[in-house]
Structures are given as structure tokens and as C-alpha cells.
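1. sharing a model prediction with you, sequence too.
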Amino acid sequence: MASYVLVPGAGGVAWYWSRVIPLLEATGAQAVAVDLPGDDPQAGLDDYVDRVAATAGGRPDVVLVGQSLGAFSASWAATRVPAVGLVLVNGMIPVPGETPGEWWDATGQPAARRANEEREGRDPDAPFDLDTAFLHDVPPAVAAEGEPYQREEADAVFESAWAAAAWPDVPTRVIAGADDRFFPLEFQQRVAADRLGLDVEVVPGGHLCALSHPDELAARLLETAMS
């Protein structure tokens, strides 16, 4: 069976995958979430990749899964471990030499998010609100459970470049939440097509679909091992 190595987004909190792991394991697969040093001001992207690769090392049939910022480290790690699959979930798709800090303007994310806010009737100039952007479809009990685990992402990783020479030679899938307000679906479709030549597979939910719709996401992840 496959071994799923699940990489979280900003903050690096492994708990993010807590609702998906039991669903994967129920099929006989292995699943482990990587806890990243997101709040360490000295930890750069290479440190994240070291931790992902160390977690994947020695496991059979590794499928690397990166959520949001985790796409930077999961995709780079896929050049270092013998992975059978790479899945990006609402992921920041990098190009060689790009830093996560540069990614936003390079992809046009701010303009895409603003246009989506206007289209859906929200004030694009309102102060950033965690509930509106990320937790709008997460069950309140799940959001409350996650509060003790949350931590801020330090600046260091946003200043370190994706240093792989090219996209890994690993079968890659791009999954996006239909209701992602932070990385709107049309934006993710464009970036995936421009940077990887791939179509996006759509699942229900927003940016944190592993918390809001774990069953649907787990089902898609399991398809990777069977393809």
C-alpha cells in the first residue's frame, strides 16, 4: 500500500491533516503528517525539505502531498526521494529560483483574490479576517480543536528559493477547493496550466478542505496510489 507523507501549509502544523489521516489508514495505507518549524526564524525552505525527505525516507510507494505553502517543500522533496506520486492541494506551485515571497506577485494572486472578493460581494479592502478567508466552511468544533496548534509562519521561508533544477519527474496532480477564497479556483486553474500544463481536479470546500471536507479529499488522494 502507499505511504502518504502529508505536508501542511503556513505555520507547518501537522494537526492540519488530522481528519484525513484516519481515512487513509482505514484503507490499509500508511499516512504521516510532517510537522514543520514554521515559527523558527532561522528555518528556510531547505530545512523544510530536509524534514519532509527524512520523513519519507525508507517508506514504500511514497505519495507526497503538499497543501498551500507546503507545495514548495513537497515538490522539492520529490526530487530527493523515490516518490510514486505528488499531489498539490490548493498549492503554491513554484518555478526554479522562485521564493515563496515572490510567488504572490509572480502569479497574480493578490489581483485574483481581490476580483473574487468583489465577485462574491465581500469588501476587498476589508482587513484580513481568518474566519472569512480560511475557516468559513470548517465546522466550528474542528476550528476550535485546532486553535491550540496554530502558530505564525516566520519570514525566513518566504525569503528562500525553490532550488530544484526543474519540476520533479514524478506523476503530479493538482487539487483545488471549489470555494477557496484565498486561492480562487479560476486562479489555481490558470497557474496549474501555465506552470505545469495540468488541469485542476476540483473538490468541495475552501482553502482548508482537509478540515472541511476530509472524506472527499481523502478519496482523491487514494486515487493517486491506484493510478
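-> Ah, there it is.

2. please, where are all the strands along this structure?
-> 3-7, 30-33, 62-67, 83-89, 172-177, 200-203 (DSSP state E).

3. and those strands as TSV, adding distance to Asp50 and mean neighbour count?
-> The C-beta positions use only the backbone N, C-alpha and C, and glycine is treated the same way. Shown next, in TSV, are the strands of the chain (distance: least, Cβ to Cβ, whole Å; neighbours: other Cβ atoms under 10 Å):
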stretch	distance to Asp50	mean neighbour count
strand 3-7	13	28
strand 30-33	16	20
strand 62-67	14	29
strand 83-89	16	24
strand 172-177	21	24
strand 200-203	29	19
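
4. what would these look like in CSV with distance to Leu222 and mean pLDDT?
-> Below are the strands of the chain laid out as CSV (distance: least, Cβ to Cβ, whole Å; pLDDT from 0 to 100):
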stretch, distance to Leu222, mean pLDDT
strand 3-7, 9, 98
strand 30-33, 10, 98
strand 62-67, 9, 98
strand 83-89, 11, 97
strand 172-177, 12, 98
strand 200-203, 13, 98
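
5. nearest to Gly101, out of those strands?
-> Relative to Gly101, the nearest member of these by Cβ to Cβ is strand 62-67, separated by 17.4 Å.

6. and that closest one, what does it pack against?
-> When contacts are defined as 3 or more Cβ pairs under 8 Å, 6 or more residues apart in numbering; DSSP states H and E, strand 62-67 packs onto strand 3-7, helix 45-56, helix 70-77, strand 83-89, helix 214-226.

7. by mean pLDDT, show me the worst of these.
-> If you rank the helices and strands packed on strand 62-67 by mean pLDDT, helix 214-226 sits at the bottom with a mean of 90.

8. can you redo the helices and strands packed on strand 62-67 as JSON lines with distance to Gln30?
-> Converted to JSON lines, the helices and strands packed on strand 62-67 look like this (distance: least, Cβ to Cβ, whole Å):
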{"stretch": "strand 3-7", "distance to Gln30": "4"}
{"stretch": "helix 45-56", "distance to Gln30": "11"}
{"stretch": "helix 70-77", "distance to Gln30": "16"}
{"stretch": "strand 83-89", "distance to Gln30": "13"}
{"stretch": "helix 214-226", "distance to Gln30": "10"}
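
9. of all these, which one is nearest Trp167?
-> helix 70-77 (7.1 Å).

10. output that closest one as CSV, restricted to C-alpha atoms.
-> Taking Å, rounded to 0.1, in the frame of the first residue of the first chain, the C-alpha atoms of helix 70-77 are listed here in CSV:
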residue,chain,number,x,y,z
GLY,A,70,3.6,23.0,1.6
ALA,A,71,3.6,22.6,-2.2
PHE,A,72,7.0,24.3,-2.2
SER,A,73,8.6,21.8,0.1
ALA,A,74,6.7,18.7,-1.1
SER,A,75,7.6,19.3,-4.7
TRP,A,76,11.3,19.9,-3.9
ALA,A,77,11.4,16.8,-1.7
